[in-house]
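Colleague: what follows is a predicted protein model with its sequence.
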Amino acid sequence: MPIRIPDALPATAALESENIFVMTEYRAIHQDIRPLRVLILNLMPTKIATETQLMRKLSNTPLQIEVDLLRTLSHEAKNVSPEHLKTFYRTFEDVRNEQYDGLIITGAPVEKLAFEDVDYWDELVDIMDWSKTNVHSTLHICWGAQAGLYHHYGIDKYEMPVKLSGVYEHHLVKPSSPLVRGVDDRFYAVHSRYTGVDLAEVEAHPDLEVIAVSDEAGLYLAKSVNSRHFFVFGHPEYDADTLRLEYERDVKAGINPEVPANYFPDDDPAREPLCTWRAQAQLIYTNWLNYYVYQTTPYDLTQL
């Protein structure tokens, strides 16, 4: 089934070139189907790339999904045109009185700041509080996962000595969870962050359950017991070359970054990286949408 997005969104051409079924708004309104309503709060600086990555994952399911893009007003985006934001993004005031089946809160390059020092933190808190009554299920990614754990459950992040960047082996702690149905017992996932959370703190919280971890990278997947909040501490949406682009950006900025672990063949940045995380990444998004959104959301969203 298709993903329903605005007709002129730049991601449309990229998705169609990959033979992904994209339905225009005009065609969608002529179908007597209630699509799942998913709101994406895009906090990443590379907004168009992130839009495309997330929609690629959302589109590869049997479900029809209507996507709205959300931005914060309290932060000025510098890597995307104002016209793009004005055309394709909504603000919190635009959606405050609406209901959604799902919400995705992306990562953001603000990990080294205390949460309260992030310029849009108060606005994000308002959105997370609003999601308790207006969203059926929320998926938090990377820094978004750390922010969600901190706000909803009081679990803070800590700064690591060096950036965690690379592709790491993980294993399932709770293989019976529908979130990882079909995922191999051992699998690879991408991480790109300066901060982490204490696995023991999450394990000890009575309202949270751990689903997958890595001996090297730490916590990867967790969720609330009531299945309203999901936390992914990596970047399953990343394309094959995203880590390389980040690495090259940091080299150019003079940060002298370490080569992303287990990413380039023979750790040689001159060689083409292979995507070894695509299958598990797709399953996480598909399973979240199917088991925790579509299967349980009310048909009438006003009943949330």
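Modeller: Happy to help now that I have it. Residues are numbered from 1 along each chain as shown.

Colleague: and H84, that's in a helix?
Modeller: Yes: H84 sits within a helix when classified using DSSP: H, G, I helix; E, B strand; the rest coil.

Colleague: can you offset everything so residue one is 46?
Modeller: New numbering, starting at 46: the last item is H129.

Colleague: burial count for it?
Modeller: 16 (other Cβ atoms under 10 Å). Every C-beta, even on glycine, is put in place using the N, C-alpha and C of the backbone.

Colleague: then the one 5 residues further on?
Modeller: Burial measure for Y134: 20 neighbouring residues, criterion other Cβ under 10 Å.

Colleague: report the beta-bridge partners for it.
Modeller: Beta-bridge partners for Y134, by DSSP bridges, are L114.

Colleague: from S269, how far out is it?
Modeller: Using Cβ to Cβ, to the nearest Å, Y134 is found at 28 Å from S269.

Colleague: repeat that for D164.
Modeller: For D164, the distance to S269 - Cβ to Cβ - is 27 Å.

Colleague: got the phi and psi for the residue positioned nearest the centre of the chain?
Modeller: Central residue of the chain (Cα atoms, centre = their mean): I186, 3.9 Å from the mean position. Backbone geometry at I186, expressed as degrees, to the nearest 10, gives phi -120, psi 130.

Colleague: contacting residues for it?
Modeller: I149, I150, T151, G152, V277, H280, P281, E282 (Cβ atoms under 8 Å, 6 or more residues apart in numbering).

Colleague: greatest separation within those residues: which pair is it?
Modeller: I150 and P281 (14.2 Å; Cβ to Cβ).

Colleague: quick one, which of the two is more surrounded?
Modeller: The residue with more neighbours, out of I150 and P281, is I150; 27 against 22, by other Cβ under 10 Å.

Colleague: show me what that one bridges to in the sheet.
Modeller: According to DSSP bridges, the residues that bridge with I150 are L86, H185.

Colleague: and the gap between it and V338?
Modeller: 15 Å.

Colleague: ditto for P55
Modeller: 26 Å.

Colleague: between the two, who's got more neighbours?
Modeller: V338 (25 against 16).

Colleague: measure the residue nearest to the centre of the chain to S126 for me?
Modeller: Taken as Cβ to Cβ, the span from I186 to S126 is 24 Å.

Colleague: show me where this protein has its helices.
Modeller: Using DSSP state H, the helices of the chain run over 56-62, 70-73, 92-104, 127-133, 137-140, 166-179, 188-198, 244-249, 287-297, 323-332.

Colleague: check these for me: which has the lowest mean pLDDT.
Modeller: Here the lowest mean pLDDT among these goes to helix 70-73, at a mean of 52.

Colleague: hang on, the earlier thing: which of the helices of the chain sits closest to R226?
Modeller: Between R226 and the helices of the chain, the shortest gap by Cβ to Cβ is with helix 323-332, which sits at 5.5 Å.

Colleague: just the strands in the stretch 196-345 of the chain please.
Modeller: In the stretch 196-345 of the chain, the strands defined using DSSP state E, counting those that start in this stretch lie at 202-217, 231-242, 253-259, 263-269, 274-277.

Colleague: show me the contact partners of the longest one.
Modeller: Which is strand 202-217. With contacts defined as Cβ under 8 Å, 6+ apart, strand 202-217 is touched by 156-157, 160, 191, 195, 225, 228, 230-243, 256-262, 265, 288, 291-292, 302-303, 305-308, 321-322.

Colleague: by mean pLDDT, point me to the weakest helix or strand of this protein.
Modeller: When the helices and strands of the chain are scored by mean pLDDT, DSSP states H and E, helix 70-73 comes last with a mean of 52.

Colleague: where does the chain dip in pLDDT?
Modeller: 46-50, 52, 60, 64-78 (pLDDT under 70).

Colleague: mean neighbour count and distance to I93 for the strands of the stretch 196-345 of the chain - can I get that in CSV?
Modeller: Formatted as CSV, those follow (neighbours: other Cβ atoms under 10 Å; distance: least, Cβ to Cβ, whole Å):
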stretch, mean neighbour count, distance to I93
strand 202-217, 17, 22
strand 231-242, 20, 18
strand 253-259, 21, 29
strand 263-269, 25, 26
strand 274-277, 27, 21
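
Colleague: indicate which one of those strands is closest to S182.
Modeller: strand 274-277 (7.0 Å).

Colleague: against which helices or strands is that closest one packed?
Modeller: Helices and strands touching strand 274-277, by 3 or more Cβ pairs under 8 Å, 6 or more residues apart in numbering; DSSP states H and E, are strand 180-186, helix 188-198, strand 263-269.

Colleague: neighbouring contacts of that strand?
Modeller: 182-187, 190, 193-194, 197, 224, 265-269, 329, 333, 337.

Colleague: what sits against L266?
Modeller: L224, V225, V255, I256, A257, V258, F275, F276, V277, F278, I329.
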